[in-house]
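S.K.: Everything below, folded, please.
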Amino acid sequence: MKLLLGKNGATDVHFDAQDLVTGRTCVIAQSGGGKSYLIAVMCEKLLAAGVGFCLVDTEGEYASLKEKFDILLIGPGSSADENIHEIDFPSLSERLIAGNIPAILDVSESEERHLVAGMAAGFFEAASRLRVPYLLILEEADKFIPQGRDSVREIEEISKRGRKRGLGLLVATQRPAIISKNVLSQCGIQFIGKLTTENDLAAVNLFFDSRSEAEELCEFEPGFFFVIHKGRKTRFRSVVRETTHQSATPGLRFGRVKDTVPGSPGSRRRTEERSSVTTSGELAVTAKTADAPVPRTPTPGPGPDLPLGLIPILDRDEALRVADGLRKKKFVLFGDEEKLQSVELEYRPLVHVRTRGSYGIFRRLRSHSFILDGLTDRLADLEGGIRFRPGFSGLLGLSEGELLVLRALDDIKTVTDLETDTGLAAGRIREILRGLGKKKLATAAGKAGRATQYVRLLDFEVGDLEVDSPVPALVPVATAPVRNGVQEEEVRAVLKAWNPTAEIVAFTPFFYPLYRIRFETRTVCLDGVTGNAVKESP
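M.R.: Next up, the predicted model:
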């Protein structure tokens, strides 16, 4: 049975349930890298497939799995199905494995090492008798199997001898540098996410062919991982989990909240304002909209994803006051002021793209990042407020072959010339040229002897991508924004045509708050973070 764990661009990344349940697996990522989120996704997929496991929960953050799935919660307090201080480990282990029962062992308020050692011993003994597949998942494994003499012997025994008994082990840690190498070296399956400290990068070097591969982990965004198994390495982003993510970092709230006591007038007013947020994707970004590029078609939001973005500092009352100050006379020097028709908060879809490739005369390996507008082909900068600049000049959506031919058509050329410049076969080039002709992007420009010459009708211009555009801390946004119309694969195609060595190492959609202010004859867009009017760069 295959479990859908993530996406590599538009490609689904599945993992074999048998390998996961009976193998030795490590999940590694620093704090905030998405480690616990990925483990929860794995648990949801196993639960949906009816596969038993026991998850050792050191922070009490996995109980939300009970929102949708039937799972036994063993822990302290009345909310647990069974009291952790009253269980008999041998009989419980036998019952869980024999019945293929999924369980959470919540040790967050207990003597962790004693309980984990007892549970591990019980599992090993029961598995030795029953010989059926079952998985033990150990969160914050460095607490129980650190490098040195304090490692829990029962966990190491499972890592070395559990496989033949059908007992699998998954260990998760933020600090691979301090975990027992006896256990880590047994892990034939590795899920490795963002790491930045030198010691931790050195600790995972054994899983990579070169140091430069391991250093890619420094560039990963939260939720991105390499999965390494059976000699193959695949980069992916975790799919969205179905139950509440209880270990998410609380988001910072900007500004002072007034009159928000439940039932107060202020509370009702703000609730009404939030309910009137539009999900329109036709967002004007300048006062003069006639010259603006045609927006790409967005898909309806928000789907199952938890949308992330920036919270507006400017509230609607303040936006109304700014809008009132922007009203003009109907005529230059006289007449009534134009009427204000509406002020609506909208969320602009953007994508933060981090790349890695060889640049410059000496082709040095470097990392860069840029922000791409999710509705057009423009680039965006956020420093001091959002502003737009030329980006991919209509190139998004074209195939890699079309892009290669367009870039090579920097002058009038024949098919033979294009063969030399692109490395593509002549038949393929002719097919591409026919397609570009139908799209009015290239055309025949005469003859050179018997050979037809071609010229492009679209400039192959890419904005400055050798920059580093940071993104402020993102938090869940309480709205239903439109989805990005930009896909990772089409951005990758442009990058490959522009620089064949460039790779996307992170592709992070997010949303930026903007107020659309409608007057009788014009529309103005107001930055929800700075309060300034949004303008396009020349």
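S.K.: where does this structure have its least confident helix or strand?
M.R.: Here the helix or strand of the chain ranked lowest by mean pLDDT, DSSP states H and E is helix 265-275, holding a mean of 34.
S.K.: Which SSE is immediately downstream of it?
M.R.: Per DSSP states H and E, the first helix or strand lying C-terminal to helix 265-275 is strand 308-309.
S.K.: For that following strand, give me every contacting residue.
M.R.: Contact with strand 308-309 is made by 347, 474-477, 481, 509-513, as judged by C-beta atoms under 8 Å, 6 or more residues apart in numbering. Placement of C-beta: from N, CA and C, glycine included.
S.K.: how distant is stretch 454-466 from the center of its chain?
M.R.: Distance of stretch 454-466 from the chain centroid (C-alpha atoms, centre = their mean, to the nearest Å) equals 29 Å.
S.K.: Would you state the helices of this structure in chain order?
M.R.: Assigned by DSSP state H, the chain shows helices spanning 17-22, 35-48, 89-99, 112-130, 153-161, 181-184, 198-203, 211-215, 265-275, 316-325, 400-408, 415-422, 426-438, 488-498.
S.K.: Switch those over to TSV; also include mean neighbour count and distance to residue 452.
M.R.: Output for the helices of the chain, formatted as TSV (neighbours: other C-beta atoms under 10 Å; distance: least, C-beta to C-beta, whole Å):
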stretch	mean neighbour count	distance to residue 452
helix 17-22	18	54
helix 35-48	22	53
helix 89-99	18	72
helix 112-130	19	72
helix 153-161	18	66
helix 181-184	19	61
helix 198-203	16	54
helix 211-215	14	44
helix 265-275	12	60
helix 316-325	15	57
helix 400-408	21	14
helix 415-422	16	7
helix 426-438	16	9
helix 488-498	20	23
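S.K.: returning to what we had before: quick one: which of the contacts of strand 308-309 is nearest residue 384?
M.R.: Checking these against residue 384 by C-beta to C-beta gives residue 512 as the nearest, at 13.3 Å.
S.K.: what's the nearest residue to the closest one once chain neighbours are set aside in contact with, if anything?
M.R.: Of all residues not flanking residue 512 in the chain, residue 348 sits nearest, at 4.6 Å (C-beta to C-beta, 6 or more residues apart in numbering). Residue 348 sits next to 283, 373-375, 386, 511-514 when contact means C-beta under 8 Å, 6+ apart.
S.K.: Let me have the residues you listed in JSON lines, extended by distance to residue 236, neighbour count and pLDDT.
M.R.: Output for the contacts of residue 348, formatted as JSON lines (distance: C-beta to C-beta, whole Å; neighbours: other C-beta atoms under 10 Å; pLDDT from 0 to 100):
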{"residue": "283", "distance to residue 236": "31", "neighbour count": "21", "pLDDT": "32"}
{"residue": "373", "distance to residue 236": "25", "neighbour count": "26", "pLDDT": "90"}
{"residue": "374", "distance to residue 236": "21", "neighbour count": "24", "pLDDT": "87"}
{"residue": "375", "distance to residue 236": "26", "neighbour count": "22", "pLDDT": "85"}
{"residue": "386", "distance to residue 236": "30", "neighbour count": "25", "pLDDT": "91"}
{"residue": "511", "distance to residue 236": "23", "neighbour count": "24", "pLDDT": "90"}
{"residue": "512", "distance to residue 236": "26", "neighbour count": "27", "pLDDT": "91"}
{"residue": "513", "distance to residue 236": "30", "neighbour count": "23", "pLDDT": "90"}
{"residue": "514", "distance to residue 236": "32", "neighbour count": "23", "pLDDT": "90"}
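S.K.: Out of those residues, which comes closest to residue 16?
M.R.: Taking C-beta to C-beta as the measure, residue 16 lies nearest residue 374 of these, at 34.8 Å.
S.K.: Hmm, that closest one is touching residue 507, no?
M.R.: No: the criterion here is C-beta atoms under 8 Å, and residue 374 misses it with residue 507 at 11.6 Å.
S.K.: Name the strands paired with the biggest strand by length in the chain and say parallel or antiparallel.
M.R.: Ranked by residue count and defined by DSSP state E, the top strand of the chain is strand 340-359. Using DSSP bridges, the strands paired with strand 340-359 are strand 364-373 (antiparallel), strand 503-519 (antiparallel).
S.K.: tell me how far the last one is from the chain's mean position?
M.R.: Averaged C-alpha coordinates place strand 503-519 at 14 Å from its chain's average position (C-alpha atoms, centre = their mean).
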